[in-house]
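In: build me a model:
(one chain, ligands or ions: 1)
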Amino acid sequence: MIRSVVRGFGTALPKRVLTNAELESMVDTSDEWIVQRTGIRQRYIAGEGETTASLGEAAARAALDKGGLTPADIDLIIVATSTPDNTFPATAVNIQNRLGMHHGFAFDVQAVCSGFVYAVATADAYIRGGLAKRVLVIGAETFSRILDWTDRTTCVLFGDGAGAIVLEGQEGSGTTADRGVLTAQLRSDGAHREKLYVDGGPSTTGTVGHLRMEGREVFKHAVGMITDVIVSAFDATGFSADDIDWLVPHQANKRIIDGSARKLGIPLEKVVVTVDQHGNTSAASIPLALAAAAADGRIKEGDLVLLEAMGGGFTWGAVLLRW
Ligand code: UT7
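Out: Residues are numbered from 1 along each chain as shown. Got it, this is the predicted structure:
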């Protein structure tokens, strides 16, 4: 059985750091409120010349280097983003060109904060279906460009960045002892559309629009949806919370992360947290956290790693993989 195994990982962050203290001079907020309610201490904000594609390209190059690969070794690029450089062509095609890659194929997936989980699930399906051998899976965002910087209920929460992994098809035994993606569980429910959305678009207003969120409503659903889909991942593999070496959650809010881990019975020492440093970088948050924990040696070969996310749509999902 073919398994999709992580071969490399990499990240890219904008140069500029925006601290909570700086936000205090922009909107009616405080470092204390932001830290208490979200766990966020700072976020990175894209400057001139930094875009979703440029950050995605840098993360992709780092992931290729880490895997000892070049663009010639890749046959598919999937970019998870809700903040593309252009409405079209896809940011994935833009990055393909930036990498000097003129073979294979590339496309974007749009599932907001669940985008990276959706992209990994998609890459895994292409690999196991024999349609691709090595896939660059990138989560890249510049949410700073769709924020309403006068709305304190949203502008303090998000940041920019990119993370990437290379998934490679490798022969496995078909058991859960294999390295690679062991299960991917995806869900969506469009009934929740108006709780987290962008109030513009090419086919409605003809503008880009701004992010709008009923934070409390999103919060109310988050822990239940996350734990539900993780239980499905456990049911599909026979694993339980005790078997997990690392939980790498979407980084929206430390309270949601802690609440989900507690409900599942996963000790907080096994949870990778970067929301304090990056804020919520939507589709980039999981690969940024994953790479941080892999780079500093916390995640080791053979570890059972659980990824989860929930976001606009609503969309939600989980991936269980062996590193
Ligand atoms: O990526 C996936 C999607 N996003 C999320 O997962 C986000 C989910 N939601 C959340 O993380 C939380 O709901 C927030 C962090 C957005 C808000 O935390 P909360 O504990 O739900 O606060 P709240 O919305 O109930 O607001 C509490 C108070 C309000 O004042 P009143 O009505 O009690 O007087 C807000 O106006 O805090 C006020 N407030 C602020 N105060 C200082 C809202 N934003 C701010 C702010 N600074 N930035």
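In: going forward, measure contacts between C-alpha atoms and count neighbours the same way
Out: Fine.
In: which residues are in contact with the closest residue to Gly206 other than its chain neighbours?
Out: Sequence neighbours aside, Gly200 is the residue nearest to Gly206 in space, at 7.0 Å (criterion: C-alpha to C-alpha, 6 or more residues apart in numbering). Shown in contact with Gly200 (C-alpha atoms under 8 Å, 6 or more residues apart in numbering): 206-210.
In: break the protein into its domains for me.
Out: 2-171, 180-322 (automatic domain parsing).
In: ranges for the helices of the stretch 201-323 of the chain?
Out: In the stretch 201-323 of the chain, helices defined by DSSP state H, counting those that start in this stretch lie at 215-237, 254-264, 275-278, 285-295, listed in chain order.
In: interface residues of the stretch 1-150 of the chain facing the ligand?
Out: With C-alpha under 6 Å from any ligand atom as the criterion, the stretch 1-150 of the chain meets the ligand at residues 29-30, 33, 37-38, 113.
In: which among those gets closest to Thr70?
Out: For those, the closest approach to Thr70 (C-alpha to C-alpha) belongs to Cys113, at 28.3 Å.
In: find the helix or strand that the residue nearest to Gly206 is a member of.
Out: Counting by DSSP states H and E, no helix or strand carries Gly200.
In: taking the stretch 1-150 of the chain, what residue is nearest to the ligand?
Out: Distance from the ligand to each residue of the stretch 1-150 of the chain (C-alpha to the nearest ligand atom) is smallest for Thr29, at 3.6 Å.
In: could you look up the SS state of that residue?
Out: coil (DSSP: H, G, I helix; E, B strand; the rest coil).
In: report the buried members of the contacts of Gly200.
Out: Of all the contacts of Gly200 considered here, the ones buried according to neighbour count by 16 or more other C-alpha atoms under 10 Å are 208-210.
In: is it possible to export those to JSON lines including pLDDT and distance to Ala80?
Out: Below are the buried ones among the contacts of Gly200 laid out as JSON lines (pLDDT from 0 to 100; distance: C-alpha to C-alpha, whole Å):
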{"residue": "Val208", "pLDDT": "97", "distance to Ala80": "18"}
{"residue": "Gly209", "pLDDT": "98", "distance to Ala80": "19"}
{"residue": "His210", "pLDDT": "98", "distance to Ala80": "19"}
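In: list phi and psi for whatever residue of the stretch 51-200 of the chain ends up closest to the ligand.
Out: Checking the stretch 51-200 of the chain residue by residue against the ligand with C-alpha to the nearest ligand atom singles out Thr153 as nearest, at 3.7 Å. Here the main-chain torsion angles of Thr153 (degrees, to the nearest 10) amount to phi -80, psi -10.
In: quick one: contacts for the spatially closest residue to it that is not a sequence neighbour?
Out: Distances taken as C-alpha to C-alpha, 6+ apart put Gly215 closest to Thr153, at 7.7 Å, once the chain neighbours are dropped. The contact partners of Gly215, by C-alpha under 8 Å, 6+ apart, come to 153, 195-196.
In: try Asp258
Out: When contacts are counted by C-alpha under 8 Å, 6+ apart, Asp258 touches Leu268.
In: and it, what pLDDT?
Out: pLDDT, the model's per-residue confidence, is 97 for Asp258.
In: Leu147 reaches Val156, doesn't it?
Out: No. Contact between Leu147 and Val156 fails when scored by C-alpha atoms under 8 Å: they sit 9.4 Å apart.
In: so for the two, which residue has more residues nearby?
Out: More crowded of Leu147 and Val156, by other C-alpha atoms under 10 Å: Val156, with 29 against 20.
In: looks like that one contacts Ile34 (just checking).
Out: Yes. Under the contact definition of C-alpha under 8 Å, Val156 touches Ile34, with a separation of 7.3 Å.
In: pull up the gap between the residue nearest the centre of the chain and Glu22, please.
Out: Centrality entry for the chain: nearest residue to the mean C-alpha point is Ala283, 3.3 Å, by C-alpha atoms, centre = their mean. Between Ala283 and Glu22 the distance is 25 Å, computed by C-alpha to C-alpha, to the nearest Å.
In: also Ile230?
Out: Note on Ile230: its distance to Glu22, by C-alpha to C-alpha, is 37 Å.
In: show me which of those two is the more surrounded one.
Out: Higher neighbour count among Ile230 and Glu22: Ile230, with 25 against 13, using other C-alpha under 10 Å.
In: what's next to stretch 64-71, contact-wise?
Out: Counting by C-alpha under 8 Å, 6+ apart, stretch 64-71 makes contact with 7-10, 99-101, 166, all of which sit outside it.
In: correct me if wrong: Gly201 contacts Val208.
Out: Yes. In this structure Gly201 lies within contact range of Val208 using C-alpha under 8 Å: 5.2 Å.
In: so which bits of the stretch 151-300 of the chain are right by the ligand?
Out: For the stretch 151-300 of the chain, the contact set with the ligand under C-alpha under 6 Å from any ligand atom comprises 152-153, 156, 215-216, 218-219, 252-253, 282.
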